[in-house]
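**Student:** here is a sequence together with a model predicted from it:
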Amino acid sequence: MADFTLLICDWYRRNKRDLPWRNTKNPYYIWLSEIILQQTRVDQGLNYYLKFISNYPTIQDLANASEQQVLNDWQGLGYYSRARNLHFTAKVINEKHNGIFPSKYEQIHDLKGIGSYTAAAIGSFAFDLPYAVLDGNVFRVLSRVFDIETPIDSTEGKKEFSLLAQELLPKRNASEYNQAIMEFGALHCTPTKPDCLNCELSTKCLSLKNKTDSIRPIKIGKTKVRKRHFHYFILTDAKNVILSKRSEKDIWQHLFEFPLLETSEEISAETLTKWSNSQYGLNAEINFIEKKHILSHQHIFATFSIIRIKCLKEMIRTENEIIIKIESMQDFPLPRLIDRFLEENAHIIFK
């Protein structure tokens with residue numbers, strides 16, 4: 001096991017990527033990077049990280065910003081609960097810890113939006129605390145090197161991997177080792193086509209020896225995907241448009257979208273036209289555009305109905321709906337689905 005740790009760290013020193021959050025011990029910057037990189041590729045998250053440390057150089061700056069401002073800066077990253085938790089936690093740190101990021105593992109773990117992995121990462125990277133990280137990359141490396149057949153998403157598996165990861169951790173070099181094993185999984189021991197022939201751990205990799213590397217790690221099963229049908233109505237007079245703020249505890253909470261009808265099943269364009277006519281008192285043909293948006297556990301099938309009318313005030317139906325200038329839409333945080341739709345079709349809609 002000592003050889004494993006030494007080899008991983010040696011590989012890391014020679015192959016690690018030069019990333020800005022690795023060149024700091026500032027726990028706030030490290031926390032930002034960890035939250036941004038959840039469910040996000042490094043090449044995509046880097047620009048957001050640089051934007052956030054520029055716009056909010058201190059925890060106090062983030063805490064004092066409005067939620068809409070933070071969500072707007074987060075736009076395009078998805079999983080907006082991360083941004084809301086980030087903002088909420090910044091305010092907690094500012095109020096309860098005098099703006100100083102806590103340095104004890106238990107205090108870090110107690111913060112909203114920070115689980116065991118993130119607490120271990122921040123604790124080890126910023127404060128050299130001896131806590132092993134355990135993310136998808138680490139699960140994969142350990143399951144292959146030690147040929148572990150216990151499912152990583154089972155209660156037994158989580159306990160087994162956690163004990164092994166902690167046992168392998170060098171107490172005086174936790175920061176580098178944690179970075180190393182994650183980087184090794186991200187760049188070398190990849191989910192598909194790992195470079196086993198040129199791997200320094202090949203002589204120690206039990207799954208390679210037992211020819212089980214292609215089936216490691218093992219998972220119990222996939223999460224059931226929920227299918228949702230969103231029907232958006234773009235009400236515009238060519239200068240203004242109606243937006244609606246999502247207020248329910250659901251995806252995209254507190255983001256803005258077009259007035260929405262959600263149905264459990266797909267419905268026809270004719271049915272949508274009849275519904276919009278009854279809802280908005282119109283009797284006009286509608287232009288339909290269809291899009292599909294995939295989230296981790298949800299598939300959203302969206303249609304966009306473009307309705308051009310003269311008097312938008314008469315179309316307001318709920319207290320969450322507002323009329324805004326078309327050119328100011330960029331000032332409102334929008335779901336990536338809406339944002340991408342506008343990138344492709346704004347010239348058609350608002351002509």
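**Tutor:** That came through fine.
**Student:** look at Ala126 and say how many residues are nearby.
**Tutor:** Counted with other Cβ atoms under 10 Å, residues neighbouring Ala126 total 20. In this view, the C-beta of every residue, glycine as well, is placed from N, C-alpha and C.
**Student:** could you tell me how far the strand or helix carrying it lies from the centre of the chain?
**Tutor:** Per DSSP states H and E: Ala126 is located in helix 116-127. Relative to its chain's centre, helix 116-127 lies at 18 Å (Cα atoms, centre = their mean, to the nearest Å).
**Student:** send the alpha carbons of stretch 79-88 over as PDB?
**Tutor:** What follows is the C-alpha trace of stretch 79-88 in PDB, where atoms were taken according to Å, rounded to 0.1, in the frame of the first residue of the first chain:
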ATOM      1  CA  TYR A  79     -27.600  22.400 -11.400                       C
ATOM      2  CA  TYR A  80     -28.500  25.800 -10.000                       C
ATOM      3  CA  SER A  81     -29.000  24.500  -6.400                       C
ATOM      4  CA  ARG A  82     -25.200  24.600  -6.300                       C
ATOM      5  CA  ALA A  83     -25.300  28.400  -6.800                       C
ATOM      6  CA  ARG A  84     -28.100  28.900  -4.300                       C
ATOM      7  CA  ASN A  85     -26.200  26.800  -1.700                       C
ATOM      8  CA  LEU A  86     -23.000  28.700  -2.400                       C
ATOM      9  CA  HIS A  87     -24.700  32.100  -1.900                       C
ATOM     10  CA  PHE A  88     -26.500  30.900   1.300                       C
END
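**Student:** buried set for that stretch?
**Tutor:** Neighbour counts over stretch 79-88 (16 or more other Cβ atoms under 10 Å) mark Tyr79, Tyr80, Arg82, Ala83, Arg84, Leu86, His87, Phe88 as buried.
**Student:** returning to that earlier point: packing partners for whatever helix or strand comes next after the helix holding Ala126?
**Tutor:** Of the helices and strands lying after helix 116-127 in sequence (DSSP H and E), the nearest is helix 136-145. Packing contacts for helix 136-145, counted by 3 or more Cβ pairs under 8 Å, 6 or more residues apart in numbering; DSSP states H and E, involve helix 155-168, helix 174-187, helix 206-209.
**Student:** and those: which comes nearest Asn55?
**Tutor:** Closest approach to Asn55 among those (Cβ to Cβ): helix 174-187, 26.1 Å.
**Student:** list the contacts for the spatially closest residue to Arg226 that is not a sequence neighbour?
**Tutor:** Sequence neighbours aside, Gln298 is the residue nearest to Arg226 in space, at 4.8 Å (criterion: Cβ to Cβ, 6 or more residues apart in numbering). When contacts are counted by Cβ atoms under 8 Å, 6 or more residues apart in numbering, Gln298 is found next to Val225, Arg226, Lys227, Arg228, Ile251.
**Student:** which among those residues end up buried?
**Tutor:** Applying a neighbour-count criterion of 16+ other Cβ under 10 Å, the buried members of those are Arg228, Ile251.
**Student:** which one of the contacts of Gln298 is nearest to Ser154?
**Tutor:** Each of the contacts of Gln298 was scored against Ser154 by Cβ to Cβ, and Val225 proved nearest at 20.8 Å.
**Student:** residues contacting that closest one?
**Tutor:** Contacts of Val225 by Cβ under 8 Å, 6+ apart are His297, Gln298, His299.
**Student:** chain center to stretch 250-268: distance?
**Tutor:** Here stretch 250-268 is found 20 Å from its chain centre; the criterion is Cα atoms, centre = their mean.
**Student:** identify all contacting residues around that stretch.
**Tutor:** The set of residues external to stretch 250-268 that reach it, using Cβ under 8 Å, 6+ apart, is 67-68, 71, 80-81, 84, 228-235, 241-247, 272, 275, 295, 298, 301, 304, 317, 321, 332-335, 338.
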